[in-house]
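1. output the structure for:
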Amino acid sequence: MLPAAALRFPHRHSAVANVLIGVRSAEEIVEDLSLAAGDIPDALWGDLDHAG
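-> Residues are numbered from 1 along each chain as shown. Prediction:
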């Protein structure tokens, strides 16, 4: 779940319009699309905010 949060974290800031993800293979593209589409519980965002 942490990799999915890392991909979506920048979108939490209003100044971020796009995030560019670099990949080395077709498999990474499939994985990144899966991570980007998954749900991230609100509690995780709260925990990450609390951790700084």
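2. buried set for the lengthiest helix in the chain?
-> The helix spanning the most residues in the chain, taking DSSP state H as the definition, is helix 26-37. Using 16 or more other CB atoms under 10 Å as the test for burial, helix 26-37 gives D32, L35. C-beta: built from backbone N, CA, C; applies to glycine.
3. show me what that helix packs onto, helices and strands only.
-> Helices and strands in packing contact with helix 26-37 are listed as helix 2-8; criterion 3 or more CB pairs under 8 Å, 6 or more residues apart in numbering; DSSP states H and E.
4. what's the neighbour count on A6?
-> 11 (other CB atoms under 10 Å).
5. sorry, wrong one. I was asking about P10.
-> 13.
6. could you measure from it over to E31?
-> Distance of P10 to E31, given as CB to CB, to the nearest Å: 18 Å.
7. re earlier: got the contact list for the longest helix of the chain?
-> With contact meaning CB atoms under 8 Å, 6 or more residues apart in numbering, helix 26-37 is reached by P3, A4, L7, R8, I21, V23.
8. quick one: the third one from A37, how far?
-> From L7 across to A37, the span is 10 Å (CB to CB).
9. now list whatever residues contact both of those two.
-> Counting by CB under 8 Å, 6+ apart, nothing touches both L7 and A37.
10. thinking again about what came up before, ok, then the element right after the longest helix of the chain?
-> Using DSSP states H and E, the next helix or strand after helix 26-37 towards the C-terminus is helix 42-51.
11. what packs against that next one?
-> Short answer (3+ CB pairs under 8 Å, 6+ apart): helix 42-51 packs on helix 2-8.
12. mean confidence for the helix it packs on?
-> Summarised as a single mean, pLDDT over helix 2-8 is 91.
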